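Peer 1: Need a 3D model of the sequence below.
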Amino acid sequence: MTDQFVSDRAAGHARVEFAELLFQEAPDVSAAPQPSSELTAQVQASSLLAIYYELRHGNDVRAAYVRALEEHRAALEEYATRVADVAPLAIPAQMSEPELLPVREPVD
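Peer 2: This is a model prediction of the structure:
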């Protein structure tokens, strides 16, 4: 993981904690003569930034998985081309498919 990968997650978590702190320290809005729009704006902005950082972290995780899958696909493709060049193994005639077990009655 890169430092940016970890810091996006940490920044999102810090923004959530900041929004929670602002919300907990908010004065009683019903007792105030007017709503605390500045505090509301700060909480909303912090929450939106937390969502932004979490989405950015999620995109980084997805990109890492896509890179890993592409590397795995390339490795499997290389293996398949090497195996295709090898002659298939001969199966002796006395070996046959194993017999399947009888089907059990359903248990209710």
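
Peer 1: looking at the protein, which helix or strand is least sure?
Peer 2: Here the helix or strand of the chain ranked lowest by mean pLDDT, DSSP states H and E is helix 3-24, holding a mean of 76.

Peer 1: Can you work out which other helices and strands pack against that one?
Peer 2: helix 37-84 (3 or more C-beta pairs under 8 Å, 6 or more residues apart in numbering; DSSP states H and E). C-betas here are computed from N, CA, C, even on glycine.

Peer 1: Confirm for me that Glu54 is in contact with Arg9.
Peer 2: Yes: counting by C-beta atoms under 8 Å, Arg9 is a contact partner of Glu54 at 7.5 Å.

Peer 1: How about the secondary structure of Leu101?
Peer 2: Put simply, Leu101 is coil when judged by DSSP: H, G, I helix; E, B strand; the rest coil.

Peer 1: what about it, neighbour count?
Peer 2: Each residue near Leu101 was counted by other C-beta atoms under 10 Å, and the total is 6.

Peer 1: likewise Leu48?
Peer 2: Per other C-beta under 10 Å, the neighbour tally for Leu48 reads 12.

Peer 1: Quick check: pLDDT value at it.
Peer 2: Looking at Leu48, its pLDDT is 86.

Peer 1: Ok, Leu101 next?
Peer 2: pLDDT, Leu101: 71.

Peer 1: wouldn't Arg56 be in contact with Ala10 here?
Peer 2: No: judged on C-beta under 8 Å, Arg56 makes no contact with Ala10 at a distance of 11.8 Å.

Peer 1: still on that earlier bit, could I get the buried residue list for the least confident helix or strand of the chain?
Peer 2: Across helix 3-24, burial judged by 16 or more other C-beta atoms under 10 Å covers 8-9, 11-12, 15-16, 18-19, 22.

Peer 1: what's the angle between that helix and helix 37-84?
Peer 2: Inter-element angle recorded for helix 3-24 and helix 37-84: 150 degrees (by axes from the mean of the first three to the mean of the last three C-alpha atoms, to 10 degrees).

Peer 1: now what about helix 3-24, what contacts it?
Peer 2: 39, 42-43, 46-47, 49-54, 56-57, 60-61, 64 (C-beta atoms under 8 Å, 6 or more residues apart in numbering).
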